[in-house]
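S.K.: mind folding the following:
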Amino acid sequence: MIATAALALVLTQAPDAAGTAGAVRPAPALAAALVSEARAARERALHFLLDAQNADGSWGGARNATYNDLWENPETHEAWTVATSGLVVMALLGEGDVARAALERALPRLVRGSALQRCSEWDLDDFWGYAYGLQALARVLADARFARAPEHEELERAARAYHDKLAHMRSGGWGYYANAEDAWRPTWTTSFGSATAVLALVDARAAGLAIDDQALRAGVRAIELCRLPTDAYTYSLEAVASPGRAEGIDQLKSSLGRSQACNVALRAAGSKAVDDAALASALDAFFEHHRFLQIAKGRPIPHEAYYRVASYFYWYGHWHAALALEELPKERRAGYAAQLAHIVVENQEEDGSMWDHIMHDYPRFYGTAYGVMALQIALGELVD
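M.R.: Residues are numbered from 1 along each chain as shown. Predicted coordinates for the structure are as follows:
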């Protein structure tokens, strides 16, 4: 468990004159205690991921089914495996030479995963495979360690395959389900799905890959249209964006996880819709109302918690909160980084994993990947 001094840091942190708690830099002694705990958590998580890699180089699998795992098919599991493995690859890229062997085993599996197809007439979970497969390979291609790898051209071809399928399946922005009766093309757009796709496309462009600029612009516009004056983003793209019911899914307390992803995606794509003040405001809300994410964590039924928060937004939200704090001026990051590191450490399991949802054997691995990436960023701010 986290040191008492570091816990006190999080609970007693005072806001600055602008009302922004993240602007307060931790006292050196308290920061040192937190850094020690966070480094140990990161090390445990890394060992968990390295020890649990499947023989084919992937992570996760269809094992450990529960009563609500009853609708998917083999292609759905392939989509989840590809997406999960893509996230782990992204996490391991930040862990240096100790993860090199695992990465080299994982990359051929991600290449084969680019053959992924639509899961069914209504289930579009292949979206997650396309998005995270593309983002992972883009980051590999941009990594100097793999720039001259013999398989470089093969990695590029696979990345292009993921890109083309991702760009093709959009409906304005991106969603992951469809109406079975008119689903020749998707008709549903979500704010966070669009944010996930936009971030993948931006990373692909940064890696030197040609991307579908029209798809990127449409995704950015979809996210912008979901933005509310409350700093929330509506779950889905609506004709008229509205917060809706007082305890509904489009309220700020429901949007805590997806708001961070949407803000980061807009900034990454060059939109002017989110300035530093908006980023900080959304981060303040994330930590102020964090209990609603915490209550949802581990619940097996999607959207059963207060404000219809689903458990699988937990670690997704924390990684994107880390990306969001990186966008702020340097002097404003440490307070947010300390709060984030504290939460990650406190929610790590004894075996080093981090999970949030109950869905076969994928959450332990995607959750740990999100958590590791959040710690990488948080520690970078606390150690500097």
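
S.K.: contacts and neighbour counts: CA atoms only from here.
M.R.: OK.

S.K.: could you check the pLDDT of the most centrally placed residue in the chain?
M.R.: What sits nearest the mean C-alpha location of the chain, by C-alpha atoms, centre = their mean, is Y316, with 3.8 Å. At Y316, the model reports a pLDDT of 98.

S.K.: which SSE is the residue lying closest to it once chain neighbours are set aside in?
M.R.: Leaving out its chain neighbours, the residue that sits closest to Y316 by C-alpha to C-alpha, 6 or more residues apart in numbering is Y370, at 6.3 Å. Following DSSP states H and E, one finds Y370 within helix 363-383.

S.K.: equivalent analysis for A131, please.
M.R.: Per DSSP H and E: helix 126-142 holds A131.

S.K.: which strands or helices does the helix or strand following that helix pack on?
M.R.: Counting by DSSP H and E, the next helix or strand C-terminal to helix 126-142 is helix 152-168. Secondary structure elements in contact with helix 152-168, counted by 3 or more C-alpha pairs under 8 Å, 6 or more residues apart in numbering; DSSP states H and E, are helix 100-113, helix 126-142.

S.K.: need these in a markdown table with mean pLDDT, can you?
M.R.: Formatted as a markdown table, the helices and strands packed on helix 152-168 follow (pLDDT from 0 to 100):
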| stretch | mean pLDDT |
| --- | --- |
| helix 100-113 | 97 |
| helix 126-142 | 98 |
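
S.K.: of those helices, which is nearest L87?
M.R.: helix 126-142 (6.4 Å; C-alpha to C-alpha).

S.K.: for E72, find the nearest of the helices and strands packed on helix 152-168.
M.R.: Judging the helices and strands packed on helix 152-168 by C-alpha to C-alpha, what sits closest to E72 is helix 126-142, at 11.6 Å.

S.K.: so which bits of the closest one are buried?
M.R.: Judged by neighbour count using 16 or more other C-alpha atoms under 10 Å, the buried positions of helix 126-142 are 126-142.

S.K.: same thing with stretch 218-233?
M.R.: Applying 16+ other C-alpha under 10 Å to stretch 218-233 flags 218-228, 231-233 as buried.

S.K.: with distance to D384 and secondary structure added, can I get the residues you listed in TSV?
M.R.: Listed next are the buried residues of stretch 218-233 as TSV, based on distance: C-alpha to C-alpha, whole Å; DSSP: H, G, I helix; E, B strand; the rest coil:
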residue	distance to D384	secondary structure
A218	38	helix
G219	35	helix
V220	33	helix
R221	36	helix
A222	36	helix
I223	33	helix
E224	34	helix
L225	37	helix
C226	36	helix
R227	33	strand
L228	35	coil
D231	30	coil
A232	31	coil
Y233	33	strand
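
S.K.: between those, which is closest to S120?
M.R.: Distances from S120 to the buried residues of stretch 218-233, taken by C-alpha to C-alpha, are shortest for G219, at 23.2 Å.

S.K.: residue contacts, that closest one?
M.R.: By C-alpha atoms under 8 Å, 6 or more residues apart in numbering, G219 lies in contact with 172-174, 194-195, 197-198.

S.K.: quick one, which of those residues are buried?
M.R.: 172-174, 194-195, 197-198.

S.K.: flag the least confident of these.
M.R.: Within the buried ones among the contacts of G219, lowest confidence goes to G172 (89).

S.K.: where's the nearest residue to that one once chain neighbours are set aside relative to S171, distance?
M.R.: Excluding its sequence neighbours, the residue lying closest to G172 (C-alpha to C-alpha, 6+ apart) is A218, at 5.6 Å. Computed as C-alpha to C-alpha, to the nearest Å, the A218 to S171 distance reads 9 Å.

S.K.: thank you, goodbye.
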